[in-house]
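Peer 1: model the following, please.
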Amino acid sequence: QVHLVESGGGLVRAGGSLRLSCAASGSIFSINAMGWYRQAPGKQRELVAAITLGGVTNYADSVKGRFTISRDNAKNTVYLQMNSLKPEDTAVYYCNARMRTSYYSYDMDYWGKGTLVTVSS
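Peer 2: Down below sits the predicted model:
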């Protein structure tokens with residue numbers, strides 16, 4: 001069993017900052033990519049940022065220059081530093097990890113339950 005637990009969401013005013021964390025625990029053999037997705041009301045879930053095991057990052061155009069993703073492989077944890085937040089960043093943010101749970105398994109995607117980020121104008 002694998003668990004992804006997010007923390008750090010909340011209410012912030014436009015222009016402010018938040019830092020999200022996501023820790024993976026349980027039966028983990030290896031973690032490949034980790035990332036953050038978000039889903040705003042009435043919209044589809046979208047990729048915000050992702051980072052590979054080697055540290056290669058990928059960002060949605062809407063957050064480039066404002067958000068920074070990082071990870072601590074020793075702690076199986078991924079972070080999302082969000083600066084210059086805008087009201088349109090308001091969404092539930094979900095942590096994603098692509099991992100193997102044993103030597104014999106294949107990469108599979110696992111998801112956290114989400115943390116709400118609300119940016120007021």
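Peer 1: OK, contacts around R13?
Peer 2: By CB atoms under 8 Å, 6 or more residues apart in numbering, R13 lies in contact with 119-121. Backbone N, C-alpha and C define where each C-beta goes, glycine included.
Peer 1: closest to T52 among these?
Peer 2: Checking these against T52 with CB to CB, the nearest one is V119 at 28.2 Å.
Peer 1: who's the closest one bridged to?
Peer 2: On the basis of DSSP bridges, V119 is bridged to V12.
Peer 1: is it true that it touches G9?
Peer 2: No. Using CB atoms under 8 Å, V119 makes no contact with G9, being 10.9 Å away.
Peer 1: wait, is E88 part of a helix?
Peer 2: Yes. The assignment for E88 (DSSP: H, G, I helix; E, B strand; the rest coil) places it in a helix.
Peer 1: looking at the protein, which residue reaches furthest from the middle?
Peer 2: No residue in the chain sits farther from the centre than Y104, which is 26.5 Å out by CA atoms, centre = their mean.
Peer 1: so which helix or strand takes in the closest residue to T77 other than its chain neighbours?
Peer 2: The shortest distance from T77 to any non-neighbouring residue, by CB to CB, 6 or more residues apart in numbering, is to A23 (4.7 Å). Using DSSP states H and E, the element containing A23 is strand 18-26.
Peer 1: what of D109?
Peer 2: Assigned by DSSP H and E, D109 falls in strand 108-111.
Peer 1: read off the pLDDT value for Q1.
Peer 2: Predicted confidence (pLDDT) for Q1: 89.
Peer 1: for it, give me its contacts.
Peer 2: Counting by CB under 8 Å, 6+ apart, Q1 touches 26-27.
Peer 1: isn't I28 up against R98?
Peer 2: No. The criterion here is CB under 8 Å, and I28 misses it with R98 at 11.5 Å.
Peer 1: which residues in the chain form strands?
Peer 2: With strands called from DSSP state E, the chain shows them at 2-7, 10-13, 18-26, 30-39, 46-51, 57-59, 67-72, 77-82, 91-100, 108-111, 115-120.
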